[in-house]
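[1] need the 3D shape of this:
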Amino acid sequence: MIYIKLLLTFLKIGLFSFGGGYAMIPMIEKEIEGNGWLSASEFFDIVAIAEMTPGPIAVNSATFVGYKTAGFLGGLTATIGVVIPSLVLILIISRFFFKFQKHPLNTAVFYGVRPVIAGLIATAAIFVSETAIFKGKLTTNLILKLFRHPLDIINVGSIFIFAVSLIALRRTKLHPILVIALSGALGILIFYVL
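    Coordinates of the predicted model:
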């Protein structure tokens, strides 16, 4: 039954994904592709929507994937699945964390986990760039072709929006919501009007 499969899949994602929603994206993608629920393009659209809507990206992604796969009950099931592990773990950890906060073993574990989180977030960035900036997965052949025929591989309009957004966020300190709205308008102008 699809609901049980959604629940178990998102329980696993919620239990074994560390570092927040962006770190979960590669694991969610792998599970979705493994089950054949959505295409990479559909999943990227869901990630884009999940980033723009209020709430944690992991919960939003789970809800959208579940809904797209099995309707309202699928969205509810996937959401419950991704939330339960975090809820249970945080209740257990909060009971003991302050008691052992300064313990050297605890500190060592956090120092060991931080680089993995950075790697998971970098993997999510690569995944998003494959569908937003590049025209396909970043394989060795695609990277070699990038140096020979860059315009065949790179979506120039997306690179422009990326650069404008990056500058707006870093230099002008515009609010991210405003940057998202302006990028959407710029996307309409570049990809629809022009």
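[2] quick one, helices of the protein?
    With DSSP state H, the ranges of helices along the chain come out as 2-16, 21-35, 40-52, 57-100, 104-132, 140-148, 150-153, 156-170, 176-187.
[3] would CSV of these with distance to Leu194 be doable?
    Where you see a C-beta, it was placed from the backbone N, CA and C, and this is true even at glycine. As requested, these are exported to CSV (distance: least, C-beta to C-beta, whole Å):
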stretch, distance to Leu194
helix 2-16, 39
helix 21-35, 30
helix 40-52, 21
helix 57-100, 29
helix 104-132, 18
helix 140-148, 24
helix 150-153, 16
helix 156-170, 8
helix 176-187, 11
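[4] rank those helices by mean pLDDT and give me the bottom one.
    Lowest mean pLDDT of these: helix 140-148, a mean of 73.
[5] may I have that helix as PDB, with CA atoms only?
    The C-alpha atoms that make up helix 140-148 are tabulated as PDB, following Å, rounded to 0.1, in the frame of the first residue of the first chain:
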ATOM      1  CA  THR A 140      32.300  13.700 -16.500                       C
ATOM      2  CA  ASN A 141      31.200  14.000 -20.100                       C
ATOM      3  CA  LEU A 142      29.000  17.000 -19.300                       C
ATOM      4  CA  ILE A 143      31.800  18.700 -17.400                       C
ATOM      5  CA  LEU A 144      34.200  18.100 -20.400                       C
ATOM      6  CA  LYS A 145      31.600  19.400 -22.800                       C
ATOM      7  CA  LEU A 146      31.200  22.400 -20.500                       C
ATOM      8  CA  PHE A 147      34.700  23.600 -21.400                       C
ATOM      9  CA  ARG A 148      34.200  23.000 -25.200                       C
END
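[6] which residues are contacting that helix?
    The contact list for helix 140-148 (C-beta atoms under 8 Å, 6 or more residues apart in numbering) reads 134, 136, 152-154.
[7] in JSON lines: those, plus neighbour count.
    What follows is those, written out as JSON lines (neighbours: other C-beta atoms under 10 Å):
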{"residue": "Phe134", "neighbour count": "18"}
{"residue": "Gly136", "neighbour count": "13"}
{"residue": "Asp152", "neighbour count": "11"}
{"residue": "Ile153", "neighbour count": "18"}
{"residue": "Ile154", "neighbour count": "14"}
